[in-house]
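S.K.: Have a look at this prediction, sequence included:
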Amino acid sequence: LGQGPLAGKRILVTSGPTHEPIDPVRYIANRSSGAQGTAIARALADLGAEVVFVTGPAEVAPPEGVEVVPVQTAQEMMQAVEAALPADAAVFAAAVADWHVQGAGDRKLKKSKDGLPSLSFAENPDILKTVSQRGEGRPPLVVGFAAETNDVLAHATAKRERKGCDWIVANDVSPATGIMGGRENAVTLITETGAEDWPRMGKDAVAARLAERIAAALA
Ligand code: C5P
C-alpha cells in the first residue's frame, strides 16, 4: 500500500448511472455502463491513491483495491459523497439522473380501470456543483464530465464555469461516435489554461492519462 505518485492522496470517484424508483419494483435509469469511471478509479489506485468509489448500479464490476460505496439514487450518491469528504481530489464520472419521481411510495402501482398513472418529477441534487461550490472542505481538485452531442467545446467550457469545477473532461456522445457503451473514448480536457483534444483511445488509456494529470496537479 502507498506506492506511486499518488501515495497518501485520498481521491473520490463517482461512477455509473443512478436508479430512481417509481415504486418498489420499477425505476428510471440511463444507459451509463460505468466503464469510464471504473477505469479511472483503477488507474488512480494503480498510482497509489486511496480511492473511494461511489457507484450506482453499473454493468461493469468495480476495481480491486478501492473502497466501494454502492448507491442506487442520486440522493444516496450525494450523501455518500458528503460522507467520503474530505479528499485531495474528486472525479465525478457518474451519469446522475437529473430528476427523481416525486412521491415514489412503498406500494406497487396497480393497473386501474380508472386510467393511467402519471408521474411527476422533482429535481435531484447536482453533486458536482454542490461539491465544487463548497467553501470549507472543497477538494483542491474537482473534475467533472460533460457528455455532449453538439458544440462540445462551447457547452463544456460553459459547464466548467457554471458548476465551478477545476477541470471538465468533455466527450462527444453522438450515436455515430459509438462512445456511449463502447470501449473507446475521444475527450477534450478543459482546464483553467485552455482545452486539449486527446486522440481517440481506449477508455483505460483515457483513464491512465487522466490519472497521470491528476498526479502532476497534486504533486
Ligand atoms: O449537468 P450535467 O449532467 O451535464 O453535468 C455532468 C457532470 O455533472 C458530470 O461530472 C456528472 O457526474 C455531474 N453531475 C452530478 N450530479 C448531478 C448531475 C450531474 O454530479 N445531479
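M.R.: Arrived safely.

S.K.: how much space is there between residue 69 and residue 5?
M.R.: Per CB to CB, to the nearest Å, residue 69 is found 24 Å from residue 5. The C-beta positions use only the backbone N, C-alpha and C, and glycine is treated the same way.

S.K.: So those two - more neighbours on which side?
M.R.: Regarding residue 69 and residue 5, a neighbour count based on other CB atoms under 10 Å identifies residue 69 as having more, with 19 against 15.

S.K.: How about the contacts made by that one?
M.R.: For residue 69, the contact set (CB atoms under 8 Å, 6 or more residues apart in numbering) comprises 52, 53, 54, 55, 80, 84.

S.K.: At which residues are the helices of this protein located?
M.R.: For the chain, the helices defined by DSSP state H cover 35-46, 74-84, 127-132, 152-163, 203-218.

S.K.: Can I get stretch 61-73 as CSV, trimmed to CA atoms?
M.R.: C-alpha atoms of stretch 61-73 as CSV (Å, rounded to 0.1, in the frame of the first residue of the first chain):
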residue,chain,number,x,y,z
ALA,A,61,-17.5,-4.8,-11.8
PRO,A,62,-15.8,-2.3,-9.5
PRO,A,63,-12.0,-2.3,-9.5
GLU,A,64,-9.9,-4.2,-6.9
GLY,A,65,-8.1,-2.2,-4.2
VAL,A,66,-10.6,0.6,-3.8
GLU,A,67,-13.3,1.3,-1.1
VAL,A,68,-16.6,0.6,-2.9
VAL,A,69,-19.7,2.5,-1.7
PRO,A,70,-22.7,1.2,-3.7
VAL,A,71,-25.7,3.5,-4.1
GLN,A,72,-28.9,3.5,-6.1
THR,A,73,-30.3,7.0,-6.3
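
S.K.: quick one: is that stretch near the ligand?
M.R.: No - on the criterion CB under 6 Å from any ligand atom, stretch 61-73 is out of touch with the ligand, staying 10.6 Å away.

S.K.: Just the buried positions in that stretch, please.
M.R.: By neighbour count on 16 or more other CB atoms under 10 Å, the buried set for stretch 61-73 is 62, 63, 66, 69, 71, 72, 73.

S.K.: same thing with stretch 143-153?
M.R.: For stretch 143-153, the neighbour count (16+ other CB under 10 Å) marks 143, 144, 145, 146, 147, 148, 152 as buried.

S.K.: any idea how far residue 165 is from the fourth one?
M.R.: Read it as residue 146. For residue 146, the distance to residue 165 - CB to CB - is 10 Å.

S.K.: Show the contacting residues for the closest residue in space to residue 196 that isn't next to it in sequence.
M.R.: Using CB to CB, 6 or more residues apart in numbering and skipping residues adjacent in sequence, the residue nearest residue 196 is residue 189, 4.8 Å away. Shown in contact with residue 189 (CB under 8 Å, 6+ apart): 167, 168, 169, 170, 195, 196, 198, 210, 213.

S.K.: List only buried entries from the residues you listed.
M.R.: Buried by 16+ other CB under 10 Å: 167, 168, 169, 170, 198, 210, 213, out of the contacts of residue 189.

S.K.: wait, what's in contact with the first one?
M.R.: By CB under 8 Å, 6+ apart, the contact set of residue 167 is 141, 142, 143, 144, 160, 189, 190, 191.
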